[in-house]
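A.B. asks: Provided below are the primary sequence and the corresponding predicted coordinates.
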Amino acid sequence: MKRFVKTCRALLGFAAAGLIGLGSAQAQEPIRVGLLLPYSGPFADLALQMDTSVTAYMKQNGDSIGGRKVEILKRDTTGVAPDTAKRLAQELVVRDKVDVLAGVVFTPNALAIAPVATEAKKPFIIMNAAASIIPTRSPYIVRVSLAFHQTIMPLGTWAVKNGIKRVYTLVSDYAAGHDAEAVFKKYFTAAGGEIIGEVRVPARNPEFAPYLQRVKDAKPDAVFSFVPAGEQSVAYFKGVVERGFQGAGIKLIGEASMTEDGIIESIGDPALGTITAGNYSHDHNSPENAAFIKAFGEVNNKIRPNFFAVGAWDGMAAIYAALKAQNGQADPDKMIEFLRTWKTTSPRGPIAIDAETRDIVQNVYIRRVERKGGKLVNVEFETFPMVKDPGK
């Protein structure tokens, strides 16, 4: 009988230990972040910028929160591919059971993922996609990057004040380009400027030459442009040189993607003098930016971090802050509620989330491409402080 009692006690002890072990395993379940970026294809360099920032942030701030490991699950959207982006997001939610969705370079991809985030109740941290409408498509979206309304609005008023009165617009033919075109026209004309022509170029593999010739023939004071950063920006500036814009006295103005820091050396001297509006420059003078550049370089010192990289860095900062506020728990509604009033000092300057729109509020800088220390940089020379997206 005594032996039977001892045996029962032992079995109960093993069972209890098993339950404790199971509870411990559940408590240590990793926090999973699904990172959706174009790791392959023509925009892979943008994914590299953002992916490097994610790695650098975790290296600087640790890979666990509240005793739980932070695990990044990377998925390749390949480019502007909304169907692919949606499918990958669904797989991350259903199969991989991620706690957070993040990343996304292009607006069509973000819009495709939005209903997935809503249905699954997963915080969706936008690290780049910039069409104004994006945060309205899901109550679980928080954007830490930029909105084109926000960054381009100051450029329209600045241009008129600085003697640019007649402008031709040239933008890429998708949602982000349409936004850029509409916002510039609205604020430029409101300030007294005149749009003398406009053209939209194909979003994929555009041949810029005929469009740029049309611009030159119109003889504007300037051309306002938006095309995706990377190969298209390089091709655009090559076309500008071939069509002799400088000799014709046509100034180049545009959104920051045109001369982003990661590709500006690839563009070379044709970029000199270009005026853009943006939320970040590698040349930005602050302790936070110096620390960011150092951390980024420790992971990859072969590329210069740009505003895509900063968007990913601040996206990770937002995710970490929201998780730390729950001691490592990932209740989606609590995360979103926390982020509604989140603010910090970023490598780009002060940033905050607007509680009503869940969108970024930040400084917008007017920059000029100059050669500094033998390198091409976007030099910030005028600041519009803490700008909200006026598109909402």
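C.D. replies: Sure thing, it's come through. In this text, all values refer to a predicted model and were calculated from it rather than measured experimentally.
A.B. asks: quick check: pLDDT value at the nearest residue to Lys121 once chain neighbours are set aside.
C.D. replies: Spatial nearest neighbour of Lys121, chain neighbours left out: Pro332 (4.8 Å); criterion: Cβ to Cβ, 6 or more residues apart in numbering. No exception for glycine: its C-beta is placed from N, CA and C like everyone else's. pLDDT, Pro332: 98.
A.B. asks: same question, Gly391
C.D. replies: Looking at Gly391, the pLDDT reads 69.
A.B. asks: just so I have it, where are all the helices in the stretch 101-250 of the chain?
C.D. replies: 107-120, 148-161, 175-190, 209-218, 231-242 (DSSP state H, counting those that start in this stretch).
A.B. asks: out of those helices, which is closest to Pro305?
C.D. replies: Proximity to Pro305 (Cβ to Cβ) singles out helix 231-242 among the helices of the stretch 101-250 of the chain, at 16.7 Å.
A.B. asks: for the stretch 251-392 of the chain, which segments count as strands?
C.D. replies: 251-255, 275-278, 343-346, 349-353, 360-372, 375-387 (DSSP state E, counting those that start in this stretch).
A.B. asks: how many neighbouring residues does Phe60 have?
C.D. replies: No Phe there; residue 60 is Gln. Other residues near Gln60 come to 16 when the count uses other Cβ atoms under 10 Å.
A.B. asks: just confirm Ile336 contacts Arg358, I think it does.
C.D. replies: Yes - if you go by Cβ atoms under 8 Å, Ile336 and Arg358 touch, sitting 7.4 Å apart.
A.B. asks: what's the overlap in contacts for those two?
C.D. replies: Pro139, Val142 (Cβ atoms under 8 Å, 6 or more residues apart in numbering).
A.B. asks: what about the residue nearest in space to the middle of the chain, distance to Gly268?
C.D. replies: Closest to where the C-alpha atoms of the chain average out (Cα atoms, centre = their mean) is Asn128, at 1.8 Å. Distance of Asn128 to Gly268, given as Cβ to Cβ, to the nearest Å: 25 Å.
A.B. asks: show me what contacts Ser172?
C.D. replies: Contacts of Ser172 by Cβ under 8 Å, 6+ apart are Arg200, Val201, Pro202, Ala203, Pro206, Phe226, Val227, Pro228, Gln232.
A.B. asks: quick check on the residues you listed: which are buried?
C.D. replies: Neighbour counting with 16 or more other Cβ atoms under 10 Å marks Arg200, Val201, Ala203, Pro206, Phe226, Val227, Pro228, Gln232 as buried within the contacts of Ser172.
A.B. asks: gap between the residue nearest to the centre of the chain and Lys59?
C.D. replies: 21 Å.
A.B. asks: run a quick neighbour tally on the nearest residue to Asp283 once chain neighbours are set aside.
C.D. replies: For Asp283, ignoring the flanking residues on the chain, the nearest one in space by Cβ to Cβ, 6+ apart is Val377 at 4.3 Å. By other Cβ under 10 Å, the residues close to Val377 number 21.
A.B. asks: doesn't Thr259 make contact with Val377?
C.D. replies: No - Val377 lies out of contact with Thr259 (Cβ under 8 Å); the separation is 9.4 Å.
A.B. asks: got any residues that touch both of the two?
C.D. replies: Val369.
A.B. asks: for Tyr365, which non-adjacent residue is closest in space?
C.D. replies: Per Cβ to Cβ, 6+ apart, closest to Tyr365 is Glu380, 4.0 Å.
A.B. asks: burial count for that neighbour?
C.D. replies: Glu380: 19 neighbours (other Cβ under 10 Å).
A.B. asks: likewise the one 3 residues further on?
C.D. replies: As a burial measure, the neighbour count of Thr383 was computed by other Cβ under 10 Å and equals 13.
A.B. asks: contacting residues for Asn378?
C.D. replies: Contacts of Asn378 by Cβ under 8 Å, 6+ apart are Ala256, Thr259, Asp261, Ile264, Thr276, Gly278, Ser281, His282, Asp283, Arg367, Arg368, Val369.
A.B. asks: how about 10 Å then?
C.D. replies: 256, 258-261, 264, 271, 274-276, 278, 280-284, 306-307, 365-370, 372 (Cβ atoms under 10 Å, 6 or more residues apart in numbering).
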